[in-house]
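Student: need a structure here:
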Amino acid sequence: MRLSMNATEPISMSSTPRITRRVSATRSTLAGPPRMSDVAALAGVSKMTVSRVLAGRGVAPATRERVQLAIDELGYVADAAAGALSSGRSAFAAVFVPSLASSNFSDTVRGLTAALEPHGLQLLIGDTDYDLEREERLVRSMLRHQPRCIALTGAQHTPATRELLVRSGVPVVEMWDLPATPIDAAVGFSNAKAAREMVRYLAGRGYRRIGFLGGASELDRRGMERLKGYLQEVKAQGMGEPRVVRLGESPITMSHGAPALEALLQQWPDTDAVMCVSDMSAFGAIMQCHRRGLSVPGDIAIAGFGNFEMATCCTPTITTVSVDAYGIGTRTGETLLAALAENDGAARHASARTSTRKSVKIDYAVIARESA
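Tutor: Numbers count the residues shown, from 1 in each chain. So this is what the prediction gives:
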């Protein structure tokens, strides 16, 4: 007796063994990965029935069991792209970060995953390497996969990227910044204000000759905003000439700290405190102080930004600005989910995008430790 093509016919007691016996022969005849037609042939049903099982639609329990067994035996994986084309919806959210080597951005991705995965959304991740043209290419590529929503880092994009995102018709959240005119919504904080807060903290500790160590590339817009905040507060505090060294390409690593500190002290040897664009460069600067025989903070204070794990493991521990990177991810995910719920079942009009979304402000704080 062969298996019936009738999708609603009850499965016989002998059907399961019959499928199992046919599996090895079926696999041996496959020229490539198993297809839906292979599953249908093995289960003795139509491709439409297999499609209905995969979509979770109404199919007789016995038939569903037979199809699922065939799927499991063949190792069939459904074509998500084809499913998205037929349903108009995918199970993906696209996210773009400047560097996965940064623990802050990795934590943000973890937060996004924690918020979106329980709702059936998986991440497609693009690493832009701080390059706006690369970001544009990645956005074009990701949009071909029809993501249901998009999260990207920063507020600086090429005009073409902005146009692509506006026309995409899906919720968009810009992370880590609070732009005045977001594409759709934003989750972040003012890097400039956070940097000013650090300079005020150092001034309150009695330091007046404060330097700044940053990267040479202007592609790191958050680093540029921190430099902007430093310059604004140095002027507001009446501290005289800014002491700025910009060295190294993004992303800034521990190796940037030592040469940057050397350049700073060569030009301004009486510097009594240094604000670094990140904890990474602050760690490198502290290690260079140790090599020079300089006491931190006795001879010179060092402060960082980001509250990386190394800030608590360093000797001395690093005074820094703490930002909830994981929280940025979770709040971004929550904002995207709320937008998807709002738009569920309704056409999204580009003209309403910026007026219906809100920016979410993330708190930051100066964490006082041993280095300053």
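Student: CA atoms for contacts and neighbours, from now on please.
Tutor: Noted.
Student: buried ones in stretch 360-372, by neighbour count?
Tutor: By 16 or more other C-alpha atoms under 10 Å, the buried positions in stretch 360-372 come out as 360, 361, 362, 364, 366, 367, 368, 370, 371, 372.
Student: go through those and flag which are in strands.
Tutor: 360, 361, 364, 366, 367 (DSSP state E).
Student: okay, domains of this protein per the record?
Tutor: If you go by automatic domain parsing, the domain ranges for the chain are 15-78, 87-189+326-362, 191-323.
Student: what is the rounded mean pLDDT of the last one?
Tutor: Right, the one you point to is domain 191-323. For domain 191-323, the mean per-residue pLDDT is 95.
Student: how about stretch 115-122: buried residues?
Tutor: 115, 116, 121, 122.
Student: repeat that for stretch 162-179.
Tutor: 162, 165-166, 168, 170-179.
Student: the most centrally placed residue in the chain: what's it in contact with?
Tutor: When C-alpha atoms, centre = their mean is applied to the chain, the residue found nearest the centroid is residue 109 (4.1 Å). Residues in contact with residue 109 (C-alpha atoms under 8 Å, 6 or more residues apart in numbering) are 95, 326, 329.
Student: so who does the residue nearest to the first one when sequence neighbours are not counted touch?
Tutor: If I follow you right, that is residue 95. Closest residue to residue 95 apart from its sequence neighbours, by C-alpha to C-alpha, 6 or more residues apart in numbering: residue 151 at 4.6 Å. Contact analysis of residue 151 by C-alpha under 8 Å, 6+ apart lists 93, 94, 95, 96, 172, 173, 174, 175, 332.
Student: distance of the residue nearest to the fifth one when sequence neighbours are not counted relative to residue 159?
Tutor: The spatially closest residue to residue 172, leaving aside those adjacent along the chain, is residue 150, at 4.8 Å (C-alpha to C-alpha, 6+ apart). Here the criterion is C-alpha to C-alpha, to the nearest Å. By it, residue 150 lies 17 Å from residue 159.
Student: the more surrounded of the two?
Tutor: Ranked by neighbour count (other C-alpha atoms under 10 Å), residue 150 and residue 159 place residue 150 first, with 25 against 9.
Student: returning to what we had before: element containing the residue nearest to the centre of the chain?
Tutor: Residue 109 is part of helix 103-116 when elements are defined by DSSP states H and E.
Student: same thing with residue 274?
Tutor: strand 273-276.
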